[in-house]
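> I'd like to go over a predicted model; first the sequence, then the structure.
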Protein chains: 6
Amino acid sequence: MSTLKTILPNARVQPRFAGISTFCRFPTIEETDRFTAPLDWAIFGAPFDSGVTYRPGGRFGPRAVREESQYVKPYHIEHRLMLTEVLSMVDAGDAPVQPFNCEENAASVAEFAGSLGDAGHTKAFMVGGDHSNTLGNMRATWGRVGKPVGGLALIHFDSHVDTVDVTLGEKHSHASPFIRAVEEGVLDPKRMLSIGVKGPLNTPDDLKYAEDHGVTLVTYEDWKYRDGVERIAAFMRELGGQEAYLTFDIDCVDPAFAPGTGTPSLGGFSSAEALHLLRGLPEASGGAGPNIVGADVVEVLPDRDHAGITALLAAHVMFEILCLDGVRRVRESAGG
Amino acid sequence: MSTLKTILPNARVQPRFAGISTFCRFPTIEETDRFTAPLDWAIFGAPFDSGVTYRPGGRFGPRAVREESQYVKPYHIEHRLMLTEVLSMVDAGDAPVQPFNCEENAASVAEFAGSLGDAGHTKAFMVGGDHSNTLGNMRATWGRVGKPVGGLALIHFDSHVDTVDVTLGEKHSHASPFIRAVEEGVLDPKRMLSIGVKGPLNTPDDLKYAEDHGVTLVTYEDWKYRDGVERIAAFMRELGGQEAYLTFDIDCVDPAFAPGTGTPSLGGFSSAEALHLLRGLPEASGGAGPNIVGADVVEVLPDRDHAGITALLAAHVMFEILCLDGVRRVRESAGG
Amino acid sequence: MSTLKTILPNARVQPRFAGISTFCRFPTIEETDRFTAPLDWAIFGAPFDSGVTYRPGGRFGPRAVREESQYVKPYHIEHRLMLTEVLSMVDAGDAPVQPFNCEENAASVAEFAGSLGDAGHTKAFMVGGDHSNTLGNMRATWGRVGKPVGGLALIHFDSHVDTVDVTLGEKHSHASPFIRAVEEGVLDPKRMLSIGVKGPLNTPDDLKYAEDHGVTLVTYEDWKYRDGVERIAAFMRELGGQEAYLTFDIDCVDPAFAPGTGTPSLGGFSSAEALHLLRGLPEASGGAGPNIVGADVVEVLPDRDHAGITALLAAHVMFEILCLDGVRRVRESAGG
Amino acid sequence: MSTLKTILPNARVQPRFAGISTFCRFPTIEETDRFTAPLDWAIFGAPFDSGVTYRPGGRFGPRAVREESQYVKPYHIEHRLMLTEVLSMVDAGDAPVQPFNCEENAASVAEFAGSLGDAGHTKAFMVGGDHSNTLGNMRATWGRVGKPVGGLALIHFDSHVDTVDVTLGEKHSHASPFIRAVEEGVLDPKRMLSIGVKGPLNTPDDLKYAEDHGVTLVTYEDWKYRDGVERIAAFMRELGGQEAYLTFDIDCVDPAFAPGTGTPSLGGFSSAEALHLLRGLPEASGGAGPNIVGADVVEVLPDRDHAGITALLAAHVMFEILCLDGVRRVRESAGG
Amino acid sequence: MSTLKTILPNARVQPRFAGISTFCRFPTIEETDRFTAPLDWAIFGAPFDSGVTYRPGGRFGPRAVREESQYVKPYHIEHRLMLTEVLSMVDAGDAPVQPFNCEENAASVAEFAGSLGDAGHTKAFMVGGDHSNTLGNMRATWGRVGKPVGGLALIHFDSHVDTVDVTLGEKHSHASPFIRAVEEGVLDPKRMLSIGVKGPLNTPDDLKYAEDHGVTLVTYEDWKYRDGVERIAAFMRELGGQEAYLTFDIDCVDPAFAPGTGTPSLGGFSSAEALHLLRGLPEASGGAGPNIVGADVVEVLPDRDHAGITALLAAHVMFEILCLDGVRRVRESAGG
Amino acid sequence: MSTLKTILPNARVQPRFAGISTFCRFPTIEETDRFTAPLDWAIFGAPFDSGVTYRPGGRFGPRAVREESQYVKPYHIEHRLMLTEVLSMVDAGDAPVQPFNCEENAASVAEFAGSLGDAGHTKAFMVGGDHSNTLGNMRATWGRVGKPVGGLALIHFDSHVDTVDVTLGEKHSHASPFIRAVEEGVLDPKRMLSIGVKGPLNTPDDLKYAEDHGVTLVTYEDWKYRDGVERIAAFMRELGGQEAYLTFDIDCVDPAFAPGTGTPSLGGFSSAEALHLLRGLPEASGGAGPNIVGADVVEVLPDRDHAGITALLAAHVMFEILCLDGVRRVRESAGG
């Protein structure tokens, strides 16, 4: 574990309702003097939503998450971890999106995400925007870890499997990031775990894709009432310390908790269940937890939100994921 | 199992945000050329809410459900059932309501519901509107199955028992459909199951009515923490393949998931719990599941909804109930 | 004047809150038996919003306008005109949009709009969707009237001039329909009148375009405090009975009256002012009023609306525009 | 002018956000010790909305007006009048409504309104609820002033004329109060002034009724652009000090200012225009202003409101109307 | 058990949407003739929110709870208890708050709460406002029971421990009521139970305070997944019949169920869980349940609420807590 | 006129929905390399609302204005002015507020505002927060211009006069900034112009204060219907080029246009009227317009806003005020 830390404004002196809003009140990337060592995580927004098949508006997701994340505090009560003392994190601004073309946008996000911080050390966390942006950050992450043959592992929270080949005539959309990532070699479907899938489908094709390609698919009902917990644990143990990307589509959480999303699917996780699941990944893994080398939270649509609860949830999901990296570093450091 | 099916617009060609909104994108009844055989289900709206005792506005429920149901897809992920391939379904428009008189309205709904499709084959699914409309569709359903002496069985999801004799001086209101149906011989109280009852009552009269008439009453707390699951299963096994009506008052779901309703009752089902309960009825019955010959979802009040989540839930409840009929047909066909 | 009329449901028998929602309760195009002669106007939706430069969501505009237009009644109190007795009108459904490509979408809208009704007689009214769709309906309208050299005249209500050459790298967007239409010969800029322009601009380029090409540009302040009324009247008199397209971007109305729009511009028309302006066009023209051969209302974004007031306004704007055609026919008939 | 006054909580000591909400913070009728002389005005709610033809919910209007009226202060800046020093006013609670029957409800409201305070002195101000309640308060008012043959005069602000004979099969609804009042002799149509009528109509019947019965009808456009101001002044001068009822349907104000209403009509008064019109009645009358012997504000529907602006407007309209009585008393007192 | 009862308006005659809104339709304190014996509970509002560290607006909480509590009925379905027959309860209005000073406000609330009813008999239930008001009601409660040395026991539902010493330079705020109460001797930290603590913290200081002072702290995850249920039961058994104060910060419930609050914390109780926990306290105690001598529900912020669900929840929490006192009286009466 | 300018992101390349939100997309104060000369205007937030007497929440005003101001473009269509080419402007972040004390807060704001940029050159524009913050920025402004004896002139847009001596026991609140500023010598009441005053008052004290101290007070009705326009022009001509502070309380605009405010007052300016009034100040002055040396826009309360229209209006008011300085510089430069 490094000795780096993130210096936040003291919320008991400067209130959380004051100041220009950055992700979790992290410094912006220009404020380099707040850091005493190379950066661990660069958080950036991907304000692109032209890949949606239903309701757009997620381009305003990064701004909403910045606003609501002002109320994210740094100490994790269950992990007993002061995140800002173990990781250096910044708000790196937004990627230069291409609102009229999904494919160009993914390329633009990939280039931007790849350029942040120290390529060999820094990790990129993306706040969407729709799920098509994930292809960009996954490509950049894959590049950061040396483009391993076989691709990255993927821990995927979502109501949808997002492996549709063509939607409304297009091969790049928020329904297709993972089929494209598999084709490009960026993602290894055999080490892909989709958690929380639910709701009616257009066709059973997604299920067939998972079966044909070895994707581990755990529906919400599998997790709640069947063997889902065990299958997740088995996946995590097998995954061990291999490099993994974590993507969290907010629509895996039930619309009561996350109304602000574009393709809502009913009957899913409560916030408490989703946070518990994330917090439990280290224990599920039987070790220090997954080795997350890139991550995102996507599909926040502020115009359908109320009281900011969806954006606030996205901000806490970001916090939980960063804490997973913090926990791993603390445990590895303690173990070393 | 018949070979009928419902032809939907292809959502991967014609987007779900396009077109005049009908229930679940089903054809309207005029589009007779989309069918190759007699109709299985006619879905209709009952835009009447003058029977409420608290907050009106449910007359706009059918429209809201039509809108949000555009995002209901046809393949059931847990039943592994393509609904549109086993059932023919249409949007039959709205019943001619009588907004100034509950009793006349129930008669009008009954007449309309009784006129839809092939009386000996077609079933009617009603989208409310308040719960007083249910008396109308139950009467029509009872007529469709030959007015059996003793009345229909009833699977009733609700926070309230709705067997109040007189409310604010009237015998017909959304508090009274089942006491009236029992009096008319349309409903057999001994085969009535009320699930999800909760919240404070004006008096214990409803409980006494249930006890006196043999209604099986399972409160939310009974189901969650006591013997409710077992009692439901016992009811379903005893019910077997007898003709049953299923009525789903959206207020049995907690207001966090269904804020858009007029007499909200706290501390109830999550969407996931409610959907799981519906999906589990076949297993609970120990056979092909209940033989639903008429159904409804009622008490959706759009002006109190947000992000359409209540209407979306109602649309999915409709889908789940139709799938119960689909599952039964598939199993009986396989069994035969 | 023909003897055609549109038969609506009788709102004093069938309430306005009942039935599947079509534009203004007009019959759908399949219900051909409701007409006794060829169709005057086909109303259609263009649920496409991928051309926006700021806030998307207008793809849900046509549905919202259908819903709120249920409360549009047929008799115009100022014109003393029963619209449905002088014009035959239908809801023709939605155009097949191309959500991933503005240019392809405009082509698709043009083809659909061109196919409606009797090409030599029927006129097409489009409900957007963003302003890029207008290029499609203008092309179709131009075709309907025989592709006159020099192009159509245009009466254009908007906060923005929409003659930007390239936006975010693209030549087709909601900022560019009229520069493209001029280039294609569909629109004659010398007979283009832009009313209600207001708000800060990125650059003075739009003003320069208008000046260079002879566009008559009347800002809101021109109309309210300077010579705008007179300039509009002069334009209308000169226009006379020439074929004109009328496009109404809802953002020309102040956001207090039309909050549900994507690029809101402050300090504009009240609803009363906008409706008065439309109603006054016949008088301004000094004759029977403009000869509108195609029209649209665009940029309604329901997720930012409240109480449906923006969609309701759009529905009334549609009604006013159709009444302009009705008034012209009555006057010409009387005059003939 | 009497020396009565209304003692309010001191808002600079007890804040306006504290306390049980009564209309304008007036005492309730039980708190009789706050008065030193008989009561001038009894304000009461009529939480009945079953008379509507479109969107219900106005039964919650009285509560919303009570809430928002907490911010109504007692000194009128234009009249230079401290209202509470010239009038004694109380919140008399709500009338016992009959939610299942319009006709019975009107009778119940009439009885309640007739029972308040000193019949020969006290006047009743009603807060609706829908416009059908007005028939009740008009009857009570007519009784208070001795049931004069020929009926009361009426100053009527509304988008609709509300003289429809039968709606959806019923003779009593919010579309019919004035035709019924005329039939009963309670209202003299020749001394009825309808201000602010606008929007499309189902038929021209309302206009014909006005013409046939001598109703003075001033549309919004008449008032804004034609001779409406003069016609109102002529009416007021002729009316002089005769007993008049004033009814204010909040939908005469444009939905931007009053979104919370059930049958919204576009293109009407701004709040400023409506308040200015009310304030100007004394000047228009050429004397002390109208002699208002009963009044109401109706059709506030809180579930469609936002930020409480419609209910706040209703509260201010109530204040303006009460000030008209205050101004008249001051002027008559000064004149005497 | 006394024979007192509270006479409510009959909701089957006078509808729940009628009348001036008091807490749960209880009589106001002036209506002394509705009581036949001394008062058991005085409910009052504390419309003060200047103690917040994030989002203000809770000053409007009491009014919102009054409104939504109109739909609270008197019979508890699980306890089989008609609350109004065992307890006399009134709405005592609002405390005179001091909006510009937390410390003065707490003193003012204490004085007001101490003055209500019969000091030796009556108990005070407060509806906030922010959590800093609790110091006032706790002081008054401590006084009512004779200022026992060692202080009161406390059953505390909250996401936050609220034992921060100084916040933004102040010792009195909504983050500090319990550290101040301990210092004053009003509260015994060894008999303090905090249930539902969750979410990120600024620092681990709160945890340290609990540990150092013997506070029993049960996080949401402790309760859901670890030994929390057992620890609560142990606390309740040990507490037995000692005088206890119960404070319920609505933010212990997940924001999906309680969006209307100022410092929302994700991943908490559902409404059903919270109500079940309250209902289960008698059973957890192994006897008649806790002896609650004062109570509150705080931190309701209406401007962030939707459909009133947060205020409705607060009203039901109030009902559940009062029922705990009712259950205890019935059981003690039966036991005696 | 200097040759300074503000370099914005190019909105036709980097969309307005991308990036960390600063006021009008201006650079933050750290990004000093974007400037080629000393700063003209520093924009800062004052997220303090503890001075309110009714509804709090304005502390979130600066953030909301930052968000909505992303859609403010730099070219003024009526002035024909490219603002960013004539002024250098930055977002200087938020002042360190003191949420528990109005008086300390005003001092803190004054200190912060006084420290920005080059004291002899830079001007400070404040975004509130409540109106009590204005005392702070006025003091700083007075200091910047050398503390002239007699104080600053003031152009004051507001519904309220804000010269109340004591409110709820306090001398510092949002009702009192100008009485305090007069007492301190910061403000010259004889050169104070209050525009748009309206609505009921607690007492006529404010009017008396204005009369006694020589404040020019123009009510909304004065401006609309009497001699207000002339009196404003007379004031502006007399003011000439003297140093003036401009404060804009958003509640001077009608709540239909500015619902998001805490003490809403009905019947005021439309957005169009308010913007027209601001734009017309140069013409009213008969010269280059007022010499504004400090300014603010206050009382934006986002939780009552919808669709961001109030914050968007505040952002445009800021733009208009900055343009007044731009126009003055251009005219003086041209004149020189």
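Nice, I can see it.

> identify the bridge partners of the closest residue to residue A:28 other than its chain neighbours.
Take residue A:28 and drop its neighbours on the chain: the residue closest to it by CB to CB, 6 or more residues apart in numbering or on different chains is residue A:91, 5.2 Å away. For every residue, glycine as well, the C-beta is placed using N, CA and C. Beta-bridge partners recorded for residue A:91 (DSSP bridges): residue A:28, residue A:43.

> looking at chain A, which helix is longest?
helix A:309-335 (DSSP state H).

> buried stuff in that helix?
A:309-330 (16 or more other CB atoms under 10 Å in any protein chain shown).

> what subset of these is also close to chain E?
The overlap between those and the neighbours of chain E (CB under 8 Å from any CB of the partner chain) comes to A:309, A:312, A:313, A:316, A:319.

> and the gap between residue A:195 and residue D:134?
For residue A:195, the distance to residue D:134 (CB to CB, to the nearest Å) stands at 59 Å.

> in the longest strand belonging to chain A, what's buried?
Across chain A, the longest stretch assigned as strand under DSSP state E is strand A:187-197. Across strand A:187-197, burial judged by 16+ other CB under 10 Å covers A:187, A:188, A:189, A:191, A:192, A:193, A:194, A:195, A:196, A:197.

> mind putting the residues you listed into JSON lines with pLDDT and distance to residue C:101?
Converted to JSON lines, the buried residues of strand A:187-197 look like this (pLDDT from 0 to 100; distance: CB to CB, whole Å):
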{"residue": "A:187", "pLDDT": "98", "distance to residue C:101": "27"}
{"residue": "A:188", "pLDDT": "98", "distance to residue C:101": "32"}
{"residue": "A:189", "pLDDT": "98", "distance to residue C:101": "29"}
{"residue": "A:191", "pLDDT": "98", "distance to residue C:101": "35"}
{"residue": "A:192", "pLDDT": "98", "distance to residue C:101": "30"}
{"residue": "A:193", "pLDDT": "98", "distance to residue C:101": "34"}
{"residue": "A:194", "pLDDT": "98", "distance to residue C:101": "30"}
{"residue": "A:195", "pLDDT": "98", "distance to residue C:101": "34"}
{"residue": "A:196", "pLDDT": "98", "distance to residue C:101": "32"}
{"residue": "A:197", "pLDDT": "97", "distance to residue C:101": "30"}
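
> check whether stretch A:62-73 contacts chain F.
Yes. For stretch A:62-73 and chain F, the contact criterion (CB under 8 Å from any CB) is met by A:62, A:63, A:66, A:67.

> specify which member of those is nearest to residue A:154.
Top of the list for closeness to residue A:154, among the residues of stretch A:62-73 next to chain F and by CB to CB, is residue A:62 at 22.1 Å.

> quickly find the element holding the closest one.
Taking DSSP states H and E as the definition, one finds residue A:62 inside helix A:61-68.

> those residues of chain A touching chain E, which are they?
A:11-13, A:15-17, A:71-78, A:80, A:82, A:254, A:256-257, A:270-272, A:274-276, A:279, A:306-307, A:309, A:312-313, A:316, A:319.

> measure how buried the closest residue to chain D within the stretch 151-300 of chain A is and give me the count.
With CB to the nearest CB as the measure, residue A:259 is the residue of the stretch 151-300 of chain A nearest to chain D, at 17.7 Å. Neighbours of residue A:259 under the rule other CB atoms under 10 Å in any protein chain shown: 26.

> quick check, it in contact with residue B:310.
No. Between residue A:259 and residue B:310 there is no contact, the gap being 10.6 Å when judged by CB atoms under 8 Å.

> run a quick neighbour tally on the residue in the stretch 201-336 of chain A positioned nearest to chain E.
Checking the stretch 201-336 of chain A residue by residue against chain E with CB to the nearest CB singles out residue A:307 as nearest, at 3.8 Å. The local packing count at residue A:307 equals 26, with neighbours defined by other CB under 10 Å.

> isn't it right up against residue E:257?
No. In this structure residue A:307 lies outside contact range of residue E:257 using CB under 8 Å: 11.6 Å.

> residue contacts, the residue nearest to residue A:28?
Taking CB atoms under 8 Å, 6 or more residues apart in numbering or on different chains as the contact definition, residue A:91 lies against A:22, A:23, A:24, A:26, A:27, A:28, A:29, A:43, A:44, A:66, F:20.

> report how many residues lie close to the fourth one.
In this case it means residue A:26. Under the criterion other CB under 10 Å, the count of neighbours that residue A:26 has is 24.

> got phi/psi on the spatially most central residue of chain A?
Taking CA atoms, centre = their mean as the criterion, residue A:296 is the residue nearest the geometric centre of chain A, at 2.3 Å. Note on residue A:296: its backbone torsions stand at phi -160, psi 160 [degrees, to the nearest 10].

> give me the spatial nearest neighbour of it, chain neighbours excluded.
In this structure, residue A:296 finds its nearest non-sequential neighbour in residue A:126, 4.0 Å apart by CB to CB, 6+ apart.

> next one: residue A:301
Setting aside the residues directly before and after it, residue A:301 is nearest to residue A:57 in space (CB to CB, 6+ apart), at 4.4 Å.

> pretty sure that neighbour contacts residue A:299?
No. The pair residue A:57 and residue A:299 does not pass the contact test of CB under 8 Å, sitting 10.2 Å apart.

> so between these two, which is more surrounded?
For residue A:57 against residue A:299, the residue with the higher neighbour count under other CB under 10 Å is residue A:299, and the figures read 32 against 28.

> ok, the more buried one - contacts?
Contacts here follow CB under 8 Å, 6+ apart; on that basis residue A:299 touches A:58, A:61, A:128-131, A:174, A:249-251, A:261-263.

> all strands of chain A, in order?
Remark: strands assigned in chain A by DSSP E are A:41-46, A:75-76, A:81-82, A:89-94, A:123-128, A:152-157, A:187-197, A:216-219, A:243-249, A:291-298.

> pick the most buried one from those strands.
strand A:123-128 (a mean of 28; mean count of other CB atoms under 10 Å in any protein chain shown).

> how far does that strand sit from its chain's centre?
Its chain's C-alpha centre lies 7 Å from the corresponding centre of strand A:123-128 when counted by CA atoms, centre = their mean, to the nearest Å.

> partner strands of that strand, with direction?
In the sheet, strand A:123-128 lines up against strand A:41-46 (parallel), strand A:291-298 (parallel) (DSSP bridges).

> can you tell me the closest non-neighbouring residue to whichever residue of the stretch 51-200 of chain A sits closest to chain C?
Across the stretch 51-200 of chain A, no residue is closer to chain C than residue A:56, which sits at 3.8 Å (CB to the nearest CB). Spatially, and ignoring its direct neighbours in sequence, residue A:56 is nearest to residue C:56 (3.8 Å; CB to CB, 6+ apart).

> give the contact list for the one you found.
Contact analysis of residue C:56 by CB under 8 Å, 6+ apart lists A:49, A:50, A:56, A:57, A:59, C:49, C:50, C:130, C:262, C:301.

> please identify which of those is nearest to chain E.
In terms of CB to the nearest CB, no member of those lies closer to chain E than residue A:57, at 18.3 Å.

> phi and psi next, for the closest one.
Comment: the main-chain dihedrals of residue A:57 come out as phi 130, psi -10, following degrees, to the nearest 10.

> ok, it to residue A:50 distance?
When distances are taken as CB to CB, residue A:57 and residue A:50 turn out to be 11 Å apart.

> about what we covered before: could you export the strands paired with strand A:123-128 as JSON lines, including distance to residue B:102?
Output for the strands paired with strand A:123-128, formatted as JSON lines (distance: least, CB to CB, whole Å):
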{"stretch": "strand A:41-46", "distance to residue B:102": "53"}
{"stretch": "strand A:291-298", "distance to residue B:102": "48"}
